[in-house]
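# Turn this into a model:
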Amino acid sequence: MAVTVETLEKLERKITLSLPLAAIQTEVENRLKKVARTVKMDGFRPGKVPMNVVAQRYGYSVQYEVLNDKVGEEFAKSVQEAGLRVAGQPRISEKDGAAEGQAEFEAVFEVFPEVKIGDLTAAEVEKLTAEVDDAAIEKTLDILRKQRRTFAQRAATEAAVDGDRVTVDFEGKIDGETFAGGKAEDFQFLVGEGQMLKEFEDAVRGMKVGESKTFPLAFPEDYHGKDVAGKTADFLVTLKKVEAASLPEVNEALVKSLGIADGSVDALRADIKKNLEREVKFRLQARNKQAVMDALVSVAELDLPKASVQAEVARLMEGARADLKQRGIPDADKAEIPEDIFLPQAERRVRLGLVVAELVKANKLEATPDQLKAHVDELAASYEKPEEVVRWYFGDRQRLAEVEAVVIENNVTEFVLSKAKVSDKAVSFEELMGQA
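Numbers count the residues shown, from 1 in each chain. Modelled structure (predicted):
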């Protein structure tokens, strides 16, 4: 019997499911017999409980279970016959006035939309390019040297300057009262490296050992300490020690300490360049992928399944609560978060997912085994033991599925770039690393 599908809205459909009551009753009786074999009741030996007693105790729950199973099976069979791709869970309700010997149910559900991808040759994409220059290599080398710097105490007559490590006592008060986290002794930080708020660093810069200073400090509105955010505190700071930094020379000893066995400075620079080029490649891919996805969405036409959007909103809310919990927010799992704030992001994710899936299917852009292996090898290359990282990825289906998703997105990106109107834009290394 052909399945009759009724269109309610753009993506909403309704079908009627008809089940013979005799089949339902037979299944209920069979399941009750299974229950009777193992059920334990006071006054009866196991397996000897009368069927009417078993039916009285378990009949309703078994009948409910059978109906759910049978309706689910009939729904799955019906949508398969009708060639429908269901989005989300159906809403099923029993109908009145069914024919004798039948039970009828209405299933209302959404289907996935037809995705129309427009003319990709009309899409405009700005593709970023960047190079690793000598300045980037030198800057990275300076960072590596700073990570291995040593400190020596300055003379008492010398003032603290940027790069020095200072030891201080401080106490901050708001309206005359010390606040939590506002007092410390023998506290160390590096001047000029952003470890403290600017007003604090400005106050300590130029001080000498033994000196004290009072100064106002205005906490930013978005300061992580909510009790003091947006407020101004009066601080007293006393400088107890000043230590000057000494950077190691770029020589064989430093090079070997960084894992370059032959101690060659040229080999170290080449290694730095290779690592920076790998990072630049990944960041360019991410930025260009974003531009491609924006262009792809702009030329696609489709309706969004409400069920899919709602499911994505739920996932985003769950992620937000997990983030709050990680930050130590009490009762984060009960936090009231308006769903509306996630709606635009959820709609974009669902739209993009459907468009990408259609493009992949239509143009055979699935990830090949060779592409997966190449991508994992590239990810592993920056580790000390890349072969272990490769085994780690290939040893877990979930991790490999995440890699596969990235490779597919890269395939989509390259495909769109091959069709669209692409304009190249060169950005500096600093700009790319700062914004990506």
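
# now for the longest helix anywhere in the chain, which elements pack on it?
The helix that spans the most residues within the chain, counting by DSSP state H, is helix 265-298. Counting contacts by 3 or more C-beta pairs under 8 Å, 6 or more residues apart in numbering; DSSP states H and E, helix 265-298 packs against strand 124-129, helix 134-146, helix 252-257, helix 343-363, helix 397-419, helix 429-435. Heads up, the C-betas are built off the backbone N, CA and C, glycines and all.

# Recalculate using a threshold of 6 Å.
Using 3 or more C-beta pairs under 6 Å, 6 or more residues apart in numbering; DSSP states H and E, the elements in contact with helix 265-298 are strand 124-129, helix 134-146, helix 343-363, helix 397-419.

# need the contact list for residue 54.
Neighbour list for residue 54: 32, 35, 36 [criterion: C-beta atoms under 6 Å, 6 or more residues apart in numbering].

# picking up where we left off before, closest to residue 24 out of the helices and strands packed on helix 265-298?
Closest approach to residue 24 among the helices and strands packed on helix 265-298 is made by helix 343-363 (37.0 Å; C-beta to C-beta).

# could you check the angle helix 134-146 makes with the longest helix of the chain?
Counting by axes from the mean of the first three to the mean of the last three C-alpha atoms, to 10 degrees, helix 265-298 points 120 degrees away from the direction of helix 134-146.

# Now do the buried residues in stretch 214-228.
Across stretch 214-228, burial judged by 16 or more other C-beta atoms under 10 Å covers 217, 219, 228.

# Of these, just say which sits nearest to residue 372.
residue 219 (48.6 Å).

# so how many other residues sit close to the residue lying closest to residue 420 once chain neighbours are set aside?
Leaving aside its chain neighbours, residue 420 sits nearest to residue 123 (4.2 Å; criterion: C-beta to C-beta, 6 or more residues apart in numbering). Residues near residue 123, counting by other C-beta atoms under 10 Å, number 21.

# if we can go back for a sec, would you mind checking the average pLDDT for the longest helix of the chain?
In this model, helix 265-298 has a mean pLDDT of 92.

# Please apply the same query to stretch 375-388.
90.

# show me what contacts residue 16?
Neighbouring residues of residue 16 by C-beta under 6 Å, 6+ apart: 104, 106.

# Helix or strand: which one has it?
Assigned by DSSP states H and E, residue 16 belongs to strand 12-20.

# rewinding a little: report the distance from the helix or strand just after the longest helix of the chain to the chain centre.
Counting by DSSP H and E, the element after helix 265-298 in chain order, helix or strand, is strand 300-301. Offset of strand 300-301 from its chain centre (C-alpha atoms, centre = their mean, to the nearest Å): 26 Å.

# helix or strand right after strand 300-301?
Counting by DSSP H and E, the element after strand 300-301 in chain order, helix or strand, is helix 306-326.

# From the rest of the structure, what touches that following helix?
87-88, 110, 332-333, 335, 337, 339, 342, 346-347, 349-350.

# which one among these gets closest to residue 132?
Nearest to residue 132 among the contacts of helix 306-326: residue 349, at 32.9 Å, using C-beta to C-beta.

# Please report how far the closest one lies from residue 300.
Counting by C-beta to C-beta, to the nearest Å, the separation of residue 349 from residue 300 is 14 Å.

# For the stretch 201-350 of the chain, which residues score under the pLDDT cut-off?
Of all residues in the stretch 201-350 of the chain, none has pLDDT under 70.

# rerun at 80
The model of the stretch 201-350 of the chain has pLDDT under 80 over residues 327-336.

# between the helices and strands packed on helix 265-298, which one is nearest to residue 203?
Closest to residue 203 of the helices and strands packed on helix 265-298, according to C-beta to C-beta: helix 134-146, at 23.6 Å.

# and which of the contacts of residue 54 is nearest residue 282?
Closest to residue 282 out of these is residue 35 (57.9 Å), distances taken as C-beta to C-beta.

# Which strands or helices does the one helix or strand the closest one maps to pack on?
Secondary structure from DSSP H and E places residue 35 in helix 21-38. Helices and strands touching helix 21-38, by 3+ C-beta pairs under 6 Å, 6+ apart, are helix 51-82.

# Show me which positions of the helix it packs on end up buried.
54-55, 58-59, 62-63, 66-67, 70-71, 74-75, 78-79.

# now do stretch 128-147
By 16+ other C-beta under 10 Å, the buried positions in stretch 128-147 come out as 128, 130, 132, 136, 137, 139, 140, 141, 144, 145.

# contact partners of that stretch?
Stretch 128-147 is contacted by residues 247-248, 269, 272-273, 276-277, 280, 284, 287-288, 424-427, 429, 432 when judged by C-beta under 6 Å, 6+ apart.

# Wasn't residue 234 part of a helix?
No: looking at residue 234 with DSSP: H, G, I helix; E, B strand; the rest coil, it is strand, so not inside a helix.

# Can you tell me which of the buried residues of helix 51-82 is nearest residue 11?
residue 79 (13.6 Å).

# So what's the predicted local confidence for the closest one?
pLDDT for residue 79: 92.

# rewinding a little: kindly write the PyMOL command that selects the buried subset of the contacts of stretch 128-147.
What follows is the PyMOL syntax for the buried subset of the contacts of stretch 128-147, where burial is set by 16+ other C-beta under 10 Å:
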select buried, resi 269+272+273+276+280+284+287+288+427+429+432
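
# if we can go back for a sec, mind listing what's buried in the helix holding residue 35?
By neighbour count on 16+ other C-beta under 10 Å, the buried set for helix 21-38 is 24, 27, 28, 31, 32, 35, 36.

# among the residues you listed, which two are most distant?
24 and 36, at 18.7 Å, using C-beta to C-beta across the buried residues of helix 21-38.
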